[in-house]
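Participant: Task: produce atomic coordinates for the following.
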Amino acid sequence: MPSIFRQIVLAVAAIASTGAAPAVAAPENAGAIKTTDKIPFQTQTVARFDLPWAIAIIDADRLVVTTKPGKIFLVDHRGGDPLEVKGVPKVEHAGQNGLLDIALAPDFRQSRRLYFTYVEPGEGGSSLALARATLNEQKGAARLDDLDVIWRQMPKGRGGQPGGIIAFAPDGKSLFLTSGDRMRPETAQNPDLALGKVLHLTLDGKPAPGNPAIEAGGARAETWTSGHRNPYGLAFAPDGRLWLHEMGPKGGDELNLIEPGVNYGWPEVSYGDNYNGTPIPRPPSRPEFREPALYWTPVIAPAGLAFYEGSLFPAWKGSALIGGLKTLTLSRITIDGSGAHEDERFAMEGRIRDVAVAPDGAVWVIEDASPGRLLRLSPL
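Facilitator: Here you go, the predicted model:
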């Protein structure tokens, strides 16, 4: 078991043995923060796509883009049209569903493996699927070889809010995967369903050693945390801690520090209310559920999460960057001993779906639109 995960598990166990929740400050509500007048970057439009969804950085010049209708493209910042990657499986594209996240395997330089998520059609509806394949590039063409679906959420059903964000552990030996509640809120509190959860899996899609309920089998063995609604951001901070953001209902978007075995409360508690206007109890009323580190009411509809460790924007070092679908913004979040704070909110021209940081320090964002632009942000 990786040392950082062992330390976290032991800490959670110690808290549980005392019967007390950890003492934390009340979370900040950043919903009313205004956009700044000082934009420290310029934007370059590199390409346009039909409903782009996710970015994976290969190097300073090349990256991979997914589109929700079911296509994968290779993009070269130095010029040329995006190159479509053939061999993508059929996806269920409707509403929030489709081809979702993509990530380079920890050993990508040697293996050329890509991991990606999508909503898979089938009998009884659809479900989130996690696949991996080898990227084969030859003579100006690209395709996926050795495609293998290594995990499926079962049984299949209906609804949006699939989640599907991938984050590899810092040691590269396992991965974390968000699975949304598919618009069936009660599933987030059902330990036998892999919905409304963060899962911790091996690189082959099996329950990872050290999971809180590894001996239980089934979805319980895969589960790292529960009580999530619609998580579209998952990333490790430079200090090795795992962070997640998720969309709330009518209010109550959240940024959460993810720790094993913790229940984050959806749908029992929220800083938002149901769309029909009925109230939901606020998190402090149920101490068995973990409060967010930061929340937004009114919502920003967060999407994409990346921690900045580049050199082009020194003031951003260690900050989290989050796109805003509702607010058409890019938010910069700082995290310290007193909590999480939204320091800056930059106005953008479109719905920001994903955020990534390249090795040269440039920030890449992509718009949720048709066409949606792939933008490179660099200092003025």
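Participant: ok, the closest residue to residue 223 other than its chain neighbours to residue 263 distance?
Facilitator: Once flanking residues are discounted, residue 223 sits nearest to residue 197: 5.0 Å by CB to CB, 6 or more residues apart in numbering. For glycine as for every other residue, the C-beta is placed from the backbone atoms N, C-alpha and C. To residue 263, residue 197 is 10 Å away according to CB to CB, to the nearest Å.
Participant: what is in contact with the two at once?
Facilitator: 225-226 (CB atoms under 8 Å, 6 or more residues apart in numbering).
Participant: who has more neighbours, those two?
Facilitator: Applying other CB atoms under 10 Å to residue 197 and residue 263 shows that residue 197 carries more neighbours, namely 29 against 18.
Participant: Would you confirm that the more buried one contacts residue 188?
Facilitator: Yes. Because the distance of 7.3 Å satisfies CB atoms under 8 Å, residue 197 is recorded as touching residue 188.
Participant: Determine the residues that are contacts of both of these two.
Facilitator: With CB under 8 Å, 6+ apart, residue 197 and residue 188 have common neighbours 226, 228.
Participant: Report the beta-bridge partners for the residue nearest to residue 223.
Facilitator: residue 179, residue 226 (DSSP bridges).
Participant: and it, what does it touch?
Facilitator: 178-179, 188, 219, 222-226, 228.
Participant: cool, residue 275 as well?
Facilitator: So residue 275 contacts 249-250 (CB under 8 Å, 6+ apart).
Participant: where exactly do the helices run in the stretch 201-350 of the chain?
Facilitator: Along the stretch 201-350 of the chain, counting by DSSP state H, counting those that start in this stretch, helices occupy 218-222.
Participant: pretty sure residue 355 is touching residue 321, no?
Facilitator: Yes. Assessed by CB under 8 Å, residue 355 is found in contact with residue 321 at 4.8 Å.
Participant: shared neighbours of the two, which are they?
Facilitator: Among the neighbours of residue 355, those also in contact with residue 321 (CB under 8 Å, 6+ apart) are 304-306, 330, 363.
Participant: and which of the residues you listed is nearest to residue 78?
Facilitator: residue 363 (18.0 Å; CB to CB).
Participant: For the closest one, which non-adjacent residue is closest in space?
Facilitator: Nearest non-adjacent residue to residue 363, counting by CB to CB, 6+ apart: residue 377, 4.2 Å away.
Participant: possible to save the shared contacts of residue 355 and residue 321 as CSV with distance to residue 255, pLDDT and neighbour count?
Facilitator: Below are the shared contacts of residue 355 and residue 321 laid out as CSV (distance: CB to CB, whole Å; pLDDT from 0 to 100; neighbours: other CB atoms under 10 Å):
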residue, distance to residue 255, pLDDT, neighbour count
304, 13, 98, 28
305, 9, 98, 24
306, 13, 98, 21
330, 15, 98, 24
363, 19, 98, 22
